[in-house]
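# Okay, structure incoming, though there's no sequence with it:
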């Protein structure tokens, strides 16, 4: 992972396929945290990097402005204002909790997330998925369980899950970007598992098995903005699919 790390403690250099710039990015650093956790390696220096890019209020932006002059996915838009976003911050805090990291930044960023989550009246699939990662690793289990139940209601009531042919596509999203039950609840012990019946989860896992390509891998459903990212995402996505199938004793 050292090849992708920058002196500021964050990660960049196209480790996350959709951002091709060298500078550290929140989402790219999240990708590094997942790999480091799988390798049982400590995420040294990551919190200090996140602290250095934190916006007023305690969150980090979805896209850091240092990507502005580099190739990136169309959805990696640099905001006109520098402000924290729930999606990356919740994911990052959840990953740091999972890694056993304790730090004042984690505490303040968690409070930013709780405030944003408690205020949610609508959401979108990627934000909801990030919040699941946050809640699955939150130390306050009773609060996490209560919040997850409410979030599951938002997801189900607004059709933000692919169950059969159902699902309402939020404005600005491709129909292929709706998450399936097994993506919200990638392990049986996820709080999101309670959102779905046994039949719904079984059918979702069946669909996952059927989606495997002849070469043994899986492909992401979302739009590939360049052929290079289609291949790069395929490796990551195949590992995630296999991890989910293994967690549910389907592989």
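That came through, no problem. Being a predicted model, the structure only gives us computed values, none of them experimental.

# alpha carbons only for contacts and neighbour counts from here, please
OK.

# Now do the residue lying farthest from the centre of the chain against residue 234, distance only.
Using C-alpha atoms, centre = their mean, the residue of the chain lying farthest from its centre is residue 214. It sits 27.2 Å away. Between residue 214 and residue 234 the computed distance is 13 Å (C-alpha to C-alpha, to the nearest Å).

# same question, residue 242
Distance of residue 242 to residue 234, given as C-alpha to C-alpha: 12 Å.

# Quick check: neighbours shared by those two?
Overlap of the contact sets of residue 242 and residue 234 (by C-alpha atoms under 8 Å, 6 or more residues apart in numbering) is empty.

# and the residue nearest to residue 46 when sequence neighbours are not counted, helix, strand or coil?
Once flanking residues are discounted, residue 46 sits nearest to residue 9: 5.2 Å by C-alpha to C-alpha, 6 or more residues apart in numbering. Secondary structure, DSSP: H, G, I helix; E, B strand; the rest coil: residue 9 is coil.

# For residue 9, the count of nearby residues, please.
Residue 9 has 18 neighbouring residues, counting by other C-alpha atoms under 10 Å.

# Could you do residue 196 as well?
Neighbourhood size, residue 196 [other C-alpha under 10 Å]: 17.

# so what's the residue lying closest to it once chain neighbours are set aside up against?
Excluding the flanking residues, the one nearest residue 196 by C-alpha to C-alpha, 6+ apart is residue 181, at 6.8 Å. Residues in contact with residue 181 (C-alpha under 8 Å, 6+ apart) are 161-163, 193, 196, 200-201, 204.

# what does residue 163 give?
180-181, 200, 204.

# what's the distance between it and residue 201?
Using C-alpha to C-alpha, residue 163 is found at 9 Å from residue 201.

# from the middle of its chain, how far away would stretch 99-115 be?
Chain-centre distance of stretch 99-115: 17 Å, with C-alpha atoms, centre = their mean, to the nearest Å.

# Apologies, that question was intended for stretch 212-219.
Relative to its chain's centre, stretch 212-219 lies at 22 Å (C-alpha atoms, centre = their mean).

# ends of that stretch, how far apart?
In terms of C-alpha to C-alpha, the two terminal residues of stretch 212-219 are separated by 8 Å.

# Show me which residues of it are buried.
Neighbour-count burial for stretch 212-219 flags 217-219 (criterion: 16 or more other C-alpha atoms under 10 Å).

# ok, and what's touching that stretch?
Residues outside stretch 212-219 that contact it (C-alpha under 8 Å, 6+ apart): 211, 230, 233-235, 237-238, 241.

# And those residues, which is closest to residue 65?
Residue 65 has its nearest neighbour among the contacts of stretch 212-219 in residue 233, at 23.3 Å by C-alpha to C-alpha.

# got a list of contacts for the helix or strand where that closest one lies?
Taking DSSP states H and E as the definition, one finds residue 233 inside helix 227-247. Helix 227-247 is contacted by residues 17-18, 182, 186-188, 205, 208, 217-220, 224, 251 when judged by C-alpha under 8 Å, 6+ apart.

# swap the cut-off to 7 Å and go again
17-18, 186-188, 217-220, 224, 251 (C-alpha atoms under 7 Å, 6 or more residues apart in numbering).

# quick one: buried residues of that helix?
Judged by neighbour count using 16+ other C-alpha under 10 Å, the buried positions of helix 227-247 are 229-230, 233, 236-238, 241-245.

# how far out from the middle of the chain is that helix?
How far helix 227-247 lies from its chain's middle: 14 Å, per C-alpha atoms, centre = their mean.

# same question for it, mean pLDDT?
Averaged over helix 227-247, pLDDT sits at 95.

# Give the other helices and strands that the strand or helix carrying residue 126 contacts.
Assigned by DSSP H and E, residue 126 belongs to helix 125-137. With contacts taken as 3 or more C-alpha pairs under 7 Å, 6 or more residues apart in numbering; DSSP states H and E, helix 125-137 sits against helix 86-98.
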